[in-house]
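Novice: give me a 3D structure for the following:
(4 chains)
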Amino acid sequence: MNNESMRVHDGLLPDAAPISFIFNERKYTARVGDTLASALLANGQKLVGRSFKYHRPRGIFSAGPEEPSALVELRTGAHREPNTRATVTEVFAGLEASSQNHIGPLGFDVMAINDALSTFLSAGFYYKTFMWPKAFWEKLYEPIIRAAAGLGKLSVQEDPDTYEKGFLHTDLLIIGAGPAGLSAALAAGRAGVKVLLVDEDFLPGGRLNLERFDIDGQSSAQWASNAMAELTTLPNVRVLTRTTVYGVYDHGIYGALERVSDHLPTGSHDKPRQILWRIYAKRSLLCSGATERSIAFGNNDRPGIMLAGAARAYLNRFGVSPGKQIAVFTNNDDGWRTAVDFQAAGVEVTAVIDTRSIAPPVDINVPVFMGNRVCDTAGRLALHSVTLTSGETIYCDCLAVSGGWSPNVHLTCHQRARPIWDDTLAAFVPGTDLPAEMQVAGAVNGDMDLASALNAGHQSALSILKNTGNNAKIPPAPQANAESSRITAFWQVPDCLGRAWIDLQNDVTTKDLQLSHREGFRSVEHAKRYTTLGMATDQGKTSNVLGLAVMADIAGQTIPQTGTTIFRPPYTPIPIGALAGRSRGKHFRPTRLPPSHNWASTQGGSFVEVGAWLRAQWFTQAGETHWRQSVDREVLQTRKSVGYCDVTTLGKIDVQGRDAAQFLDKVYANTFSTLKVGRVRYGLMLREDGFVMDDGTTARLAEHHFLMTTTTANAVSVFRHMEFCRQCLWPTLDVHLVSATEQWAQYAIAGPNSRRLLEALVDEPFDISNEGFPFMECATLTVCNGTPARLFRISFSGELAFELAVPARYGHALMDALAEHGKAFDAVPYGLEALGVMRIEKGHAAGNELNGQTTAANLGLGRMVSAAKDCIGKTLSTRPALNTNDANQLVGFIPVDSQQSLRAGAHFIDEGAPLTLASDQGWMTSVAYSPSLQTSIGLGFIRHGQERMGDQVLASSPLHNEQIAVTIVSPHFVDPQGERLRA
Amino acid sequence: MRYSAFQIFKQGLTGNKHWPKTWRTPDPAQQYDVIIVGGGGHGLATAHYLAKEHGITNVAVLEKGWLGGGNIGRNTTIIRSNYLLPENEPFYELSMKLWEGLEQDINYNAMVSQRGIINLYHSDSQRDAYVRRGNAMLMAGADAVLLDREGVRAQYPFLDFDNARFPIRGGLWQPRAGTVRHDAVAWGYAHAADSRGVDIIQNCEVNGFIMEDGKCVGVNSTRGSIRAKKVAVCVAGSSGRVMSMAGLRLPIESHVLQAFVSEGLKPVIPGVITYGAGHFYISQSDKGGLVFGGDIDGYNSYAQRGNLPTVEDVCEGGMAMMPVIGRARLLRMWGGIMDMSMDGSPFIDHTSIPGLYFNGGWCYGGFKATPASGWCYAHLIATEQPHETAKGMRLDRFKSGAVMDERGAGAQPNLH
Amino acid sequence: MLSQPLYATAPLAGYRQTINGTLAQEIEHFSLIAISIPDGGHESLNAALESHWQLSLPETGTCIRSSDRAFAQNSSSLVLFGMQTDQCLLVSTAASAFEQDPFEHVQQLLGDAAYLTDQSDSYAALDIQGPTVLKAMERICTLDLETFTASTVARTAMEHLSVIVERPENDRLRLYSPRSSASSFLHAVTTSLALAY
Amino acid sequence: MLINHPQLGPRDAAEFVYLGDASLMHRPDAQSPTAAEEFHDYLHLRDNPAGVHRELWYHEQGDRAWLIVTRNTLTHEITNVQMARDVALAEQQGHVAS
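Specialist: Next up, the predicted model:
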């Protein structure tokens, strides 16, 4: 069949030129406004996919997001999107889709063998076997199971689409633009309330587009269209269509996904694919409607068996008949409307089978079987007949089933509220403990008929107006007839020979629930997990209540006694790409660039990520082919003459106030109140648990003004900690903190010629001589003919060194000036590697040593914890385990064979000791090749380190099959007396 | 009943109508040798090893809801023994060895699947830390392999190697790590303990401890008073609530950790992989779902649900590491309550009250520890001595300073 | 030895572009001074602000624009942002507002009445004006900018970046974000402008 | 979550950094003879209530204020938000914080 032969009238679709699309490599036509499901049905294509476990043929079961069966792979190449529900996919020109989860053609899936073996593949069978021989699980059984499981295939290519996020604020969020939602939006919108109306369909109206009802004298679809037109003219109303509210979070925050371009051909636009909205709503009104459910009877899973409301939706909205002969199986009055509508459309209705004994007063001329049931069906790839318990065979290629309607309470449960069973409706309705400021209206709240839903939406809006003191006069609620939806609960047809499906996708049948009950998996959660009921991509939207009812039957209990399961976000699945938004690739996180970055990139700089920063690692010069050549040159030239390096990334905190000195005494382990103005001191900061938090130098710029530096890595956490100390611990101190990290471009200038280089920069009358500006001095001055600057005489390299800071805008120019004036000394810029080499040569601890597991004593700085005052961390630093005799101590290491390279992360053991944890003496923290000493050197922690100078141990790295004999030495490899930096 | 392929065949032929219950549903007796409070993975494992290894079978496991309903039923199913500290690594390696023989031990297929885990590194200092860790693992008898960038690419060619904000430089690979079907662990231990005579009592909430002469001699519960020589609490997630009934304050905060699963997909991710420049870890279940997670939300919570910023942060990490998952859809998210301890490590210890034992503080690493936790807790309860591999897991270690701080984050639970 | 004076580099290199009808341009010349209020010094600082610029200390989250005639010609040329309980930012976007170095000038005028920290080089500043401003910013800003008036100011996070935002006019926002991440900041804003619809 | 900042109104909790129980403001006196014990309890032991919890949040992406948020850990409902410094000042000056 082809050429939309099942399109029996226009429905709501304009009769425009057809568009073509491809399913399983075959071309079909459709109309604008079709879903993929309606288009396939229009072309008579009933077989759409295969089920998860038994690979049974699957057709189209629903007409909405609840679809368990009609899943396809949409689009091709990197755009391929597995597990896409055909029922909510808008057809566009050139759409390509294919069926999934089968080997061989869709009609002859090899994996359907599972169906024949189903008696041995009952719920949980895999927990009881595949255990012998032991090694076979991973090698044999599991790969087979994994290959058979899963559904669609990822392309395994980078997602080529872009995704956006956004944030919306509203006074009233209305979820769902069906009868209740539209009625409420009109009332609130006309009263001037700031409304956000969200609907997941591309044609708002919900049920109004699926039925042949009248409202205020118009067709319901026309009324919906008019309502939408009015709402879009109101400035206080914003409407999002193609948007699903997928989750409810704390304090009125809602997650929503807008499908911006999923309905457009690939490559035809420059819009993002989707926008993930975070909605902040003062209050919300949930008008999410209801979802129909099936009845359990033998072989109730064949293509052609669908929900009665869905069959009606295809007919009324899309003008498509899902079959040539329709039979209806129902336990409620609503199912009858399907028969009525098909008969009115001229489609043959072969039977209405109602489980109840008394027929509703419906004017219809078809065979009616009251008090009867369908107990079996026939048709391998598509339905051709059904058998009733009374023995009759009814020919039909579409069986429309209605087991009743379940309110879409999902969003009411996202904060773990439990819905309540309503016997009259035979359904769960929202519980009483809804998310804060949420109301519900319409079918979701059990207002099943149109008149009630319209009125409920209107009344909800009125109550919100009243509660917010809005006295606007608005027109009355729209009027419609109240249709009947009476139901007598009926769940499963007993004594069917064939298996009766509950979860169509995961292949869970009533037998599985019987087995799980038998084996003791009786709580709802156990049964769900044991059988996988409701765990498929549809999350049991059509099967949960039916499954619960069957479980109640088996246990001989009522449904409320049996329990319920609540729903978690998301309401429908959300692409991971949408949740990530723009944060991917290079834009995963912001990049911070120091002021010299552009300069460095013109000077052969290679860059490396250091936290959020990108820093120059080294500067390659012509002829250098290996990074070590560059680094060795930078180190040697700095130690020989002078080098300069951007150290802006260190955290800088302005500490001001009358009590600033006292404050620093409390946050630093050592004392700062004694520091003189114009001087700098090294500071050690502890956490309250006594371990080292951070270190750095702090300068006293004025009596009440200090400038603290932190490590690059801890700049943010130290600032936060100090604000805690200031606000929460010592609020009476007059002390104020401002981050100055970004303000200053700060460069280290190190080496014996550093003073001479700076002499060329500093303005008169500044005296930069050793006498005028000794070690650990700081000053405010101007450089380069008037640029304000700060100068610190501090040294990380161990050389005579300075750090010069200018406002960041001059950072680039200062690098130029250093390079220009440095020519006279063959000055070199040096990068992070050379900085690291020099600090290891000097024995300074850095990140690898200050890893949060280190005490002051480990670093040999135990005496810095002042005995004269309290400070953060002091008391707990005296705990016995932090002060043991065999504690690790930071020392230096050199290889016995100077040709060998040390390795950070190697563990120290005594020679001859076994390579076990019991032999473990410590580990190497940092290593470098020292061009000054022409050997590999290392820093590390080892027990009793200070007492073991000159001892030989093995640095073992079993990861590398490596053991290197090393000698324990002082960590101060270069200038141990510190003569250079004071020169 | 002993489970086997033959049993499946035999039962299948008779319509699967004669399978027995997986465990009995006994009423509580008046007196037990040991009461285990908490029918999660750790509690059930403890019961199993008490019975099997120590011959103590007069045991009740009391579960307030349905067994396995706590964190054993809501985690990302990863097992690994890639710890750094000597107080931790031997314990987790014991656990790994127990996982390796679990199914034969308990006659239940929990689908222990040693698919390997790779922790990516993105900088030299991360690499150095992983070298230190990998060496510690090898010295403790575990397995570890340091991969460079090409070694990672050989296993996971579809990671973002070329356009990443934080380029992948390599990874620490533990081949024996992997995943386990989490619910089946609870069911399997319950099945095995039950078959040795342990009473598993569901829907039985403990609401007080019976104290006599300063000793704990039983519990009051929603199913009456039940006495025992020893009461062993094992209720991670609710540790604070339960132990406060004994008047004890703990070095624990309760935090929510969210986990996520995608729709089912054909196999794409062979093992477990964790991102080193953000909070993200992922594997693929046998059913085809991508199972992934990230960091805790970061605030105290008993609500078993989290919030959006964490969800988005996790997915951002995922897309940054492997942009091929962009079109996979997140299907379900859920939250579990974690005992976050002050140093990120757990407790298996006596309490200051004779007869009352405590197991908890597993942070978000409790699943992989299930067998060893049960093994060592059973050892402590049966012998009164801590097991060799769990000696450091003491409640008083913050007093002594002998902390087990793998991350070096200090006494702030949400940083571990 | 005298050198050439150092030249200044703007964090966004003088960016100026119209995107979807909205003009985004870097504010190249501005001064921004953090004023910390000494404990107990609220009144004397208020008096100093009043006498020098007819300004007073704003509540946190609000800004006060100078009514001093020297600045009032350009309504936004001198503003005090209330950033936190004990701190505000004095922002001048008029290049010629001060006769000398703005920080030194303010320091001389306020003396001991306040603790000052120059932040002029700490931020990249972007002015965006046009019809899509709010639609664009709703993609990255969690705050409801529709409710902002000319006397609102806020510091918030956008795309993992710290941003100070003010709305001097209805269709105009000024954004200040740390200098080091200026290029990420510019990317965030211009992407939003390009994708606003 | 939204935290209703006393001065700025509701802000997304993502702007804040969480520390923990507000008792962390009550740092013991290091001069106390039982200081070691007191510091241990202060830093390490928690009431960890399932219910109302007073806790510290830092508005890092905002006004850098530390706040005391009273929040129910079972429902996440927030019933009170205070400026921590105001509370600390009141406590240290002998007043009872409201």
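
Novice: could you pull out the helices for chain C?
Specialist: Using DSSP state H, the helices of chain C run over C:42-53, C:69-72, C:102-110, C:133-137, C:182-195.

Novice: looking at those, spot the one closest to chain A.
Specialist: helix C:182-195 (3.7 Å; C-beta to the nearest C-beta). From N, CA and C alone the C-beta is placed, and that goes for glycine too.

Novice: close to chain A, is that closest one?
Specialist: Yes: interface with chain A: helix C:182-195 contributes C:Ala182, C:Ser183, C:Ser184, C:Phe185, C:His187, C:Ala188, C:Thr191, C:Leu195 (C-beta under 8 Å from any C-beta of the partner chain).

Novice: other SSEs contacting that helix?
Specialist: Packing contacts for helix C:182-195, counted by 3 or more C-beta pairs under 8 Å, 6 or more residues apart in numbering or on different chains; DSSP states H and E, involve strand C:16-19, strand C:22-26, strand C:123-129, helix C:133-137, strand C:161-169, strand C:172-178.

Novice: one step back: now the helices of chain C in JSON lines, please, with extra columns for mean neighbour count, mean pLDDT and distance to B:Pro175.
Specialist: Shown next, in JSON lines, are the helices of chain C (neighbours: other C-beta atoms under 10 Å in any protein chain shown; pLDDT from 0 to 100; distance: least, C-beta to C-beta, whole Å):
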{"stretch": "helix C:42-53", "mean neighbour count": "16", "mean pLDDT": "94", "distance to B:Pro175": "65"}
{"stretch": "helix C:69-72", "mean neighbour count": "14", "mean pLDDT": "62", "distance to B:Pro175": "69"}
{"stretch": "helix C:102-110", "mean neighbour count": "16", "mean pLDDT": "91", "distance to B:Pro175": "60"}
{"stretch": "helix C:133-137", "mean neighbour count": "22", "mean pLDDT": "97", "distance to B:Pro175": "49"}
{"stretch": "helix C:182-195", "mean neighbour count": "22", "mean pLDDT": "98", "distance to B:Pro175": "38"}
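
Novice: and for residue 76, the neighbour number?
Specialist: I went with chain A, as the question did not name one. The number of residues packed near A:Thr76 is 14, by other C-beta atoms under 10 Å in any protein chain shown.

Novice: chain B, not that one
Specialist: 22.

Novice: what does the one 10 residues further on give?
Specialist: The burial metric for B:Pro86, expressed as a neighbour count using other C-beta under 10 Å, is 16.

Novice: is it in contact with B:Asn135, as I believe?
Specialist: No: look at B:Pro86 against B:Asn135 with C-beta atoms under 8 Å: they stay out of range, at 11.8 Å.

Novice: of the helices of chain C, which is nearest A:Asn43?
Specialist: A:Asn43 lies closest, by C-beta to C-beta, to one member of the helices of chain C: helix C:182-195, at 36.7 Å.

Novice: now that closest one, how far from the chain's geometric center?
Specialist: Relative to its parent chain, helix C:182-195 has a centroid offset of 18 Å by C-alpha atoms, centre = their mean, to the nearest Å.

Novice: what does it contact?
Specialist: A:162, A:164, A:271-272, A:582, A:587, A:590-591, A:593, C:11-12, C:15, C:17, C:19-20, C:22, C:24, C:124, C:126, C:128, C:132, C:136-137, C:139-140, C:158-159, C:161, C:163, C:175, C:177-178 (C-beta atoms under 8 Å, 6 or more residues apart in numbering or on different chains).

Novice: on that earlier part again, save the helices and strands packed on helix C:182-195 as TSV, and put in distance to A:Pro958 too.
Specialist: What follows is these, written out as TSV (distance: least, C-beta to C-beta, whole Å):
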stretch	distance to A:Pro958
strand C:16-19	57
strand C:22-26	55
strand C:123-129	49
helix C:133-137	55
strand C:161-169	44
strand C:172-178	44
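
Novice: for chain B, which helix is longest?
Specialist: Looking across chain B with DSSP H, the single longest helix is helix B:366-383.

Novice: give me the buried positions along it.
Specialist: B:366-382 (16 or more other C-beta atoms under 10 Å in any protein chain shown).

Novice: now residue 85. Nearest residue, chain neighbours left out?
Specialist: Just so you know, I chose chain A. Beyond its immediate neighbours in the sequence, the residue positioned closest to A:Arg85 (C-beta to C-beta, 6 or more residues apart in numbering or on different chains) is A:Glu67, lying 4.4 Å away.

Novice: chain D was what I was after
Specialist: Nearest one to D:Arg85, counting by C-beta to C-beta, 6+ apart, is A:Gln727 at 4.0 Å.

Novice: tell me where the model's unsure across chain A.
Specialist: Residues of chain A meeting the criterion pLDDT under 70: A:1-2.

Novice: what of chain D?
Specialist: Counting by pLDDT under 70, the ranges of chain D that qualify are D:95-98.

Novice: which residue ranges form the helices in it?
Specialist: Using DSSP H, helices in chain D cover D:35-44, D:84-92.
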